[in-house]
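Asker: What follows is a predicted protein model with its sequence.
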Amino acid sequence: MQRPLSAGDTVESQCTRCKALLNHTIIAMVAGEVVRVKCNTCGSEHNHRPTKAAKSPAPKAAASTRSAAPRTSRAKVAGPSDEEIWEELIRPLDPDHAVPYRMDGKFKTNTLIAHPSFGTGVIAATNPGKIEVVFKCGKKLLRCA
């Protein structure tokens, strides 16, 4: 049988400075519960953080209705890559007539655009204040007037 804890006794607590479960000296107790401790390693005082009980593994759920087919990444999904789409869109257009991109510019679909970071692209769609451009590296949504 253990004797009840009192101030001055040693107890294990999670140290806030050391970030580890270490021995601490009890400084204050309220209604028989340890409230404040002092770390025996670094000397910091903080509220008592008792050791946590180990969690038991959660019971497994019943078999779900989803099939157990293996997962596939997006790269394996059939379809043209961004670079192939870009090549198809740019083929009939003349790269010498590419319009320099400006955020305050106005653009139309199926026109070439020259972006300082992404290179040459084709405008796929226009929305109020935005254009969707297909570059060799992929689709980008850019701001426009």
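Answerer: That came through, no problem.
Asker: Give me the below-cutoff pLDDT ranges for the chain.
Answerer: 1, 53-55, 58, 60-78 (pLDDT under 70).
Asker: 80 instead, please
Answerer: With pLDDT under 80 as the threshold, the chain has low-confidence stretches at 1-2, 51-82, 95.
Asker: Distance of residue 81 relative to residue 90?
Answerer: The gap separating residue 81 from residue 90 is 14 Å, by C-beta to C-beta, to the nearest Å. All C-beta spots, glycine's among them, are computed from the backbone N, C-alpha and C.
Asker: would you list every one of the helices in the protein?
Answerer: Secondary structure of the chain (DSSP state H): helices at 82-90.
Asker: Domain boundaries for it, per the record?
Answerer: 10-47, 80-143 (automatic domain parsing).
Asker: can you redo those domains as CSV with mean neighbour count?
Answerer: What follows is the domains of the chain, written out as CSV (neighbours: other C-beta atoms under 10 Å):
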stretch, mean neighbour count
domain 10-47, 15
domain 80-143, 14
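Asker: could those go into TSV alongside distance to residue 57?
Answerer: Formatted as TSV, the domains of the chain follow (distance: least, C-beta to C-beta, whole Å):
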stretch	distance to residue 57
domain 10-47	22
domain 80-143	42
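Asker: right, and those domains - which one's nearest residue 3?
Answerer: The closest of the domains of the chain to residue 3 is domain 10-47. By C-beta to C-beta, the value is 12.3 Å.
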